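Asker: Sequence plus predicted model, see below.
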Amino acid sequence: MIRNLGELKGPVLLFGGPYSNLQATCAMRREAERLGIPPERTICTGDVVAYFADVEATIDVIRTWGIHVLMGNCEESLGFSANDCGCGFDEGTACNLLSRQWYSHADSQISQANRLWMQTLPRTLRFTWYNLTFTVVHGTLSSINQFVFPSTPDAIKQTEIKKAETDCIIAGHCGLPFAQKTEAGTWLNAGVIGMPANDGSSNAWYALLDTHDGQSVFELKRLTYDWQSAVKAMQEAGMHNGYAEALANGLWPSMDVLPNAERTQKNIRIAPLICEINAIKQLEC
């Protein structure tokens, strides 16, 4: 299902992957309120529920907030009562093995009402903003769980941008924030709020579409929140796995899904970024 949001006027807030991390989700909502960005200009790229403990409470925050939410692979799987998360992890990998525990927890906690809500979510969002067209997907337009990283070949990104007939694709799923310009258009990823970006910091990431000296810009920003309480919630739920540790040390429990180029960036701090969308040229803040 495609949902057209029409023309959005003013700053747009983008974030992905709440991942059942209630504390991060509440912090993101407070940040939106601090920035004065209303729900109609706030977009979540999916995976509201995943690795962490507070399944129903996280969904409730997102739903009462009233923002635009995309169907991620986790919404697709939980919404339609699939046997696994549909994340695209290879069989037998550490990510695949770890996913069995958290998916079982999520599947046992979620209400039927929230499953039905997940079923209604759009797979694609479209909008215009300052004469640019944007298409929002979870993985790619072709596949809800396709991983697209900074090192993913430009040819793949260009094919998806052309298929979407758009100036910019905003994607989620991969868990890393980045912005890239291709010959066909621009690829943007806001990162996720529920999990660190494997850079050794417990902070999460979100993004803004805004203007800077008359230019349309994409800004990647850190989100700080009470990760200690998120860890405590996991312990109380009996979820003793590497994801709780990741909240503290900022490092993923497995890098199975990462290409070699991204693996070499482990524990290297990602810098906040503000760049001109059309050129992906970093601007002076």
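Answerer: Looks like it arrived, so ask away.

Asker: Need the pLDDT of residue 102.
Answerer: pLDDT recorded at residue 102 is 79.

Asker: which residues of the stretch 51-200 of the chain fall in helices?
Answerer: Ranges of helices within the stretch 51-200 of the chain are 55-65, 73-79, 94-109, 112-119, 154-164, based on DSSP state H, counting those that start in this stretch.

Asker: and those helices, which is most packed in?
Answerer: Highest mean neighbour count among these (mean count of other C-beta atoms under 10 Å): helix 73-79, with a mean of 24. In this view, the C-beta of every residue, glycine as well, is placed from N, C-alpha and C.

Asker: What helices and strands are in contact with that one?
Answerer: Contact partners of helix 73-79 among helices and strands, from 3 or more C-beta pairs under 8 Å, 6 or more residues apart in numbering; DSSP states H and E: helix 94-109, helix 112-119.

Asker: Mean pLDDT lowest where, among those helices?
Answerer: Among these, helix 94-109 scores lowest, at a mean of 73.

Asker: Go through stretch 246-266 and flag the buried ones.
Answerer: Applying a neighbour-count criterion of 16 or more other C-beta atoms under 10 Å, one finds 246-247, 250-258, 262, 265 buried in stretch 246-266.

Asker: Kindly apply the preceding question to stretch 227-236 instead.
Answerer: So, applying 16+ other C-beta under 10 Å, buried residues of stretch 227-236: 227, 230-231, 233-234.

Asker: so which of these would you say is closest to residue 105?
Answerer: Among these, residue 234 lies closest to residue 105 (C-beta to C-beta), at 9.4 Å.

Asker: State the mean pLDDT of the helix or strand hosting the closest one.
Answerer: Using DSSP states H and E, the element containing residue 234 is helix 227-236. For helix 227-236, mean pLDDT is 96.

Asker: Remind me what it packs against, helices and strands.
Answerer: helix 22-35, helix 242-249.

Asker: Least reliable of those helices by average pLDDT, please.
Answerer: helix 242-249 (a mean of 93).

Asker: before we move on, back to that, could you redo the helices of the stretch 51-200 of the chain as a markdown table and give each row distance to residue 206?
Answerer: Listed next are those as a markdown table, based on distance: least, C-beta to C-beta, whole Å:
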| stretch | distance to residue 206 |
| --- | --- |
| helix 55-65 | 14 |
| helix 73-79 | 18 |
| helix 94-109 | 22 |
| helix 112-119 | 22 |
| helix 154-164 | 21 |
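
Asker: Figure out which of those helices is closest to residue 211.
Answerer: Across these, residue 211 has its closest neighbour in helix 154-164 (22.5 Å, C-beta to C-beta).

Asker: If you count neighbours, what's buried in stretch 159-179?
Answerer: 159-161, 164, 166-179.

Asker: coming back round to it: tabulate the buried residues of stretch 246-266 in CSV, adding columns for distance to residue 16.
Answerer: Output for the buried residues of stretch 246-266, formatted as CSV (distance: C-beta to C-beta, whole Å):
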residue, distance to residue 16
246, 16
247, 16
250, 17
251, 19
252, 15
253, 19
254, 19
255, 19
256, 19
257, 15
258, 17
262, 16
265, 18
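
Asker: From those residues, pick the one nearest residue 62.
Answerer: residue 247 (19.3 Å).

Asker: Against residue 202, how distant is the closest residue to that closest one other than its chain neighbours?
Answerer: Distances taken as C-beta to C-beta, 6 or more residues apart in numbering put residue 227 closest to residue 247, at 4.4 Å, once the chain neighbours are dropped. Residue 227 sits 5 Å away from residue 202, going by C-beta to C-beta, to the nearest Å.

Asker: intersection of neighbour lists for these two?
Answerer: Shared contacts of residue 227 and residue 202 (C-beta atoms under 8 Å, 6 or more residues apart in numbering): 247-248.

Asker: about what we covered before: surely the residue nearest to residue 247 and residue 23 touch.
Answerer: Yes. Using C-beta atoms under 8 Å, residue 227 is in contact with residue 23, at 6.7 Å.

Asker: Now do the shared contacts for the two.
Answerer: Contacts common to residue 227 and residue 23, judged by C-beta under 8 Å, 6+ apart, are absent.
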